[in-house]
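**Student:** I would like the atomic coordinates for the input below:
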Amino acid sequence: LAIVQAVCFGRRYELSESVLHQSATGVVVRAIDMRTRQPVVVKFSEPFSLLLSVTDGLSPLLTVREASDFRREITAREGLDGAYVVPALASSDSEELRELWARDAAQFGFAGYNQGIIMEEGDRNLFTALVQEALSFDAARTMLREILLCLKHLHDQGVVHADIKPLNVSCEEVRLVLSL
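**Tutor:** This is a model prediction of the structure:
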């Protein structure tokens, strides 16, 4: 995937060439909000993806991710507390970006990724923290407790997070929050 550093989405966000994560359903890229000068991440999602995963070690499960899955991800964030979940700052469904998204995504190396979310960038994700930091037992226990509190908040709101993994846990200063 070739990414072009560019100012896009109505000159609101400057994409970097830094891919933070790439999966079967999307790409997460660093960017800068040109209005606030704050770092953000842009999650580009494909509108239709086929995921092949092994569920029981024997039989593959074919999962279809459609546009409705993305919209469910956007609407699930509504009403969630930012203390537990990284809030969406904007999305390709927003009034501000709807028309600009598909044009700019294609122009800057994301043809086919015509849906997405813009979120605040955390200090680091849990994967990075686990690899780079020597955590004490108490620190690990505190992190696990914070993740469980985040999951409880989601479940209390009727939301199930289907992709819990260290890359989807954002470490922000002294607390952990989930990325949907």
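
**Student:** Distance across stretch 114-123, terminal residue to terminal residue?
**Tutor:** Chord length of stretch 114-123, first to last residue, is 27 Å (C-alpha to C-alpha, to the nearest Å).

**Student:** ditto for stretch 72-92
**Tutor:** 13 Å.

**Student:** Okay, buried residues for it please.
**Tutor:** 73-74, 76-77, 80, 84-86, 88-92 (16 or more other C-beta atoms under 10 Å). The way it works is simple: take the backbone N, C-alpha and C, and place the C-beta from them, glycine included.

**Student:** who touches it?
**Tutor:** 12, 33, 40, 93, 96-98, 101-102, 114-120, 122, 149-150, 153-154, 157, 159, 170, 175, 177-180 (C-beta atoms under 8 Å, 6 or more residues apart in numbering).

**Student:** let's go with 6 Å and repeat that
**Tutor:** The contact list for stretch 72-92, computed with C-beta atoms under 6 Å, 6 or more residues apart in numbering, reads 93, 97, 101, 115-119, 150, 153, 157, 159, 170, 177-180.

**Student:** and the buried residues of stretch 72-92 as a markdown table, adding pLDDT and distance to Gln22?
**Tutor:** Below are the buried residues of stretch 72-92 laid out as a markdown table (pLDDT from 0 to 100; distance: C-beta to C-beta, whole Å):
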| residue | pLDDT | distance to Gln22 |
| --- | --- | --- |
| Glu73 | 76 | 17 |
| Ile74 | 78 | 21 |
| Ala76 | 80 | 23 |
| Arg77 | 82 | 22 |
| Leu80 | 88 | 25 |
| Tyr84 | 89 | 26 |
| Val85 | 88 | 22 |
| Val86 | 86 | 18 |
| Ala88 | 85 | 20 |
| Leu89 | 87 | 21 |
| Ala90 | 85 | 21 |
| Ser91 | 85 | 19 |
| Ser92 | 83 | 18 |
